[in-house]
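Peer 1: Fold the following.
(one chain, ligands or ions: 1)
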Amino acid sequence: MTARVDELRAGLEAVRERMDRACEAAGRARDEVNLVVVTKYFPASDVRLLADLGVTDVGENRHQEAEQKAQECADLDLRWHFIGGLQSNKAAAVAAYAHVVESVDRPKLVAPLSRGAAGRPEPVDVLLQVSLDPPGASHRAGADPGALPALSDAVAAADHLRLAGLMAVAPLGEDPAVAFARLAEVRRSVLSDHPEATVLSAGMSGDLEQAIAHGATHVRVGSAILGPRPVIL
Ligand SMILES: *Cc1c(COP(=O)(O)O)cnc(C)c1O
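Peer 2: Presented below is the predicted three-dimensional model:
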């Protein structure tokens, strides 16, 4: 049986090679693109092995699971990214441990996030999650691009938050390259009002190449490194 650390090492190497090749193909410097390893549903022991293998950033999408893992791994020098749907009554608690909250899609989240971040030594980085669904389609998470000017101003004005950039997930049933090209346009317009918002979190196990081609600075990769997610109720 293969030891877990060897599986994780092989997964990481394969993903880092894909990132190398995608940067080369896009004519981008390799150090412009960061890897966030999505550890949701996997145990804290995996997070620990990943940190030993040089991973610096991990992503989680469920508050209770994330909070507990961040506590169990408090001795490790990791940046925790919250990438899941946020309820406003949980937002303050998330901002108490997450270094980056990537899934901010409505103004109602801003005040509780800032309150939760008030006790932190540094402001919490916020990414605005953008919906790439065609207008009128049934929405998964994310703000409509038209809502971004007000939302970005609200985050930028919050005392304990830092507007860092945008996050998006390619919609199902569309070529991710087409969706990420739209995202790059949206990003240009946000950057013209907020030049500090340089982060673009896009691309997962199946589409990180297309995201890197369209300017992603962070890819969020789970299953290509950790394997298929275990099913927990
Ligand atoms: C789970 C998840 C990922 C990682 O997905 P994989 O396909 O396993 O790489 C990335 N982003 C978000 C928002 C997720 O929820």
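Peer 1: The protein: helices as residue ranges?
Peer 2: 4-26, 44-52, 63-72, 88-95, 110-117, 148-157, 176-193, 208-213, 223-226 (DSSP state H).
Peer 1: which stretch among those comes nearest the ligand?
Peer 2: If you check each of the helices of the chain against the ligand by CB to the nearest ligand atom, helix 223-226 wins as the nearest, at 3.5 Å. All C-beta atoms are positioned from the backbone trio N, CA, C, and that covers glycine.
Peer 1: which residues are contacting the closest one?
Peer 2: Contact partners of helix 223-226, identified using CB atoms under 8 Å, 6 or more residues apart in numbering, comprise 8, 11-12, 14-15, 18, 37-39, 42, 46, 50, 205, 229.
Peer 1: let's see it at 7 Å
Peer 2: L8, G11, L12, A14, V15, V37, T39, F42, D46, S205, R229 (CB atoms under 7 Å, 6 or more residues apart in numbering).
Peer 1: and the fourth one, what is it in contact with?
Peer 2: The one in question is A14. A224.
Peer 1: so how far is N61 from it?
Peer 2: 23 Å (CB to CB, to the nearest Å).
Peer 1: Over to the last one?
Peer 2: Summarising the geometry, the distance separating R229 from N61, computed by CB to CB, is 11 Å.
Peer 1: quick one, which of the two is more surrounded?
Peer 2: Shown here are R229 and N61; by other CB atoms under 10 Å, N61 has more neighbours (20 against 13).
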